[in-house]
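Colleague: Just the structure for this:
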Amino acid sequence: MTDTANWICPQHPFGHTWQADSLKCTLCEARRTASEAIVALLAGLPGWDIPRAERLISAHQAEAAPPADDTIPLTVHWDRIVMHPGETDDDTIVGCLTEDGRPAALVLDDEHREALGLMLVDPDGN
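Modeller: As a prediction, the model looks like this:
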């Protein structure tokens with residue numbers, strides 16, 4: 001069995017090893033993802049190598065996080081914040097929040113800002 005605490009830090013191979021959680025180097029700020037740690041662990045086992053371990057991790061990630069359904073629109077609500085353009089030709093930024101509280105922004109150039117404003121003031125176009 002491979003001793004994961006003694007794996008060598010790739011940024012500083014002499015004297016640096018991974019902490020017991022295998023995500024942070026013991027002597028520097030080097031970090032790795034959990035997937036990278038699992039690949040290294042599997043690659044150290046008999047019968048495993050890095051390409052085989054990477055394929056397994058990729059397959060697991062595809063199962064665990066299926067692609068987002070891009071056909072469902074993201075719902076946002078106006079946060080009562082509007083940042084108007086400055087003296088240059090900057091965009092107008094309308095602050096919004098997603099349903100789960102994450103910030104979002106609607107960015108409008110001059111033409112789109114005017115078109116949206118007209119549609120909000122006169123929805124029938126009269």
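
Colleague: And this protein, split by domain according to the record?
Modeller: 4-64, 76-121 (automatic domain parsing).

Colleague: element containing His77?
Modeller: With elements taken from DSSP states H and E, the one containing His77 is strand 76-83.

Colleague: and that strand, which strands flank it?
Modeller: strand 92-98 (antiparallel) (DSSP bridges).

Colleague: Which of the domains of the chain sits closest to Asp70?
Modeller: Ranking these by proximity to Asp70 (C-beta to C-beta) places domain 76-121 first, at 15.4 Å. Backbone N, C-alpha and C define where each C-beta goes, glycine included.

Colleague: End to end on the closest one, go ahead and measure it.
Modeller: 20 Å (C-alpha to C-alpha, to the nearest Å).

Colleague: Same question for stretch 97-108.
Modeller: OK, stretch 97-108 end separation, C-alpha to C-alpha: 17 Å.
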